[in-house]
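# Predicted model, plus sequence, below.
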Amino acid sequence: MSALLSGTGLVRRFGGLTAINDVTVEVREGHILGIIGPNGAGKTTLFNLLSGFIKPTRGTVRLAEHEVTGLRPHRLNRLGLARTFQLVKPFARMSVLENVMVGSYRLSRDSREAAQRAREVLALLGMEDLTDRPARELTMPGMKRLEVARALATGPRLLLLDEVMSGLTPTESKAMLPVIQRIRDSGVTILMIEHVMHAIMALSDRIVVLHHGSKLAEGSPDEIAANPAVVEAYLGTAPLGR
Ligand SMILES: Nc1ncnc2c1ncn2[C@@H]1O[C@H](COP(=O)(O)OP(=O)(O)OP(=O)(O)O)[C@@H](O)[C@H]1O
């Protein structure tokens, strides 16, 4: 399987602080790659580097066959990359369908086609019953799904999910798992940052662990859960038995 998105030797400095220090990461086509790490580890910075929101101090980013280092987000979107934001800000007075059409208009200027695409996305996310509701009436899980729907409506090959489970109850975040699996099964490759550990463990094919701006570990969920350095980074103490 080839890499759909890769960051190679990425470095990002903010003044004297090195937020990302020589990180190489690959998202394979058809996979879900999870990025985890303690607070301040550099997850958001890495995400912003890969999605064009900030430029790397050093290193390169490739999307499929394109070198895209430093390209702005809208250019990356045209090449098939879409992302969600942690802070969900829908157009409150517009309906759910209209909000999603903001995304699907990027694929088609024809309003009937855009509406059709938006409805397909809402069906995939299990939101058909919310189609005509004003976005402001949505509950938190609804808001989170709408954020995913807006990104998905742009027709990406690769979707970057920024903490889509944050702010959800355990029951609500569990209900998001099959939704994300369905998106992957529809042929969209996924890169996700998540603090909700059971979710990232259940969903990811591979996990990258960041710590102090560097890659501490990479592997399958089982390998990561059994990695003493990862446990230590999270707990701040040596794991039991060492
Ligand atoms: N724009 C910025 N200017 C200066 N420092 C920044 C900037 N963005 C991030 N940082 C710093 O870079 C480091 C990594 O931050 P980042 O937000 O990427 O971590 P994170 O793993 O996403 O953390 P969290 O889990 O708390 O969201 C932190 O020390 C942070 O203070």
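Sure, I can see it.

# hey, let's count contacts and neighbours off CA atoms from now on
OK.

# what's the worst-scoring helix or strand of the chain on mean pLDDT in contact with?
Scoring the helices and strands of the chain by mean pLDDT, DSSP states H and E places helix 228-235 at the bottom, with a mean of 85. By Cα atoms under 8 Å, 6 or more residues apart in numbering, the surrounding residues in contact with helix 228-235 are 37-38, 209, 211, 216-217, 224-225, 238-239.

# Now neighbour count and distance to Leu5 too, for the residues you listed, in TSV please.
As requested, the contacts of helix 228-235 are exported to TSV (neighbours: other Cα atoms under 10 Å; distance: Cα to Cα, whole Å):
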residue	neighbour count	distance to Leu5
Gly37	24	20
Pro38	17	24
Val209	23	17
His211	21	21
Leu216	15	20
Ala217	17	19
Ile224	19	22
Ala225	14	25
Ala238	14	34
Pro239	15	34
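
# filter the residues you listed down to the ones near the ligand?
Near the ligand, judged by Cα under 6 Å from any ligand atom, the entries from those are Pro38.

# Let me have the contacts of helix 228-235 in TSV, extended by secondary structure.
As requested, the contacts of helix 228-235 are exported to TSV (DSSP: H, G, I helix; E, B strand; the rest coil):
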residue	secondary structure
Gly37	coil
Pro38	coil
Val209	strand
His211	strand
Leu216	strand
Ala217	strand
Ile224	helix
Ala225	helix
Ala238	coil
Pro239	coil
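
# can you redo the contacts of helix 228-235 as a markdown table with pLDDT and distance to Phe14?
What follows is the contacts of helix 228-235, written out as a markdown table (pLDDT from 0 to 100; distance: Cα to Cα, whole Å):
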| residue | pLDDT | distance to Phe14 |
| --- | --- | --- |
| Gly37 | 93 | 19 |
| Pro38 | 91 | 19 |
| Val209 | 95 | 21 |
| His211 | 95 | 17 |
| Leu216 | 96 | 21 |
| Ala217 | 96 | 24 |
| Ile224 | 94 | 29 |
| Ala225 | 92 | 31 |
| Ala238 | 45 | 31 |
| Pro239 | 43 | 33 |
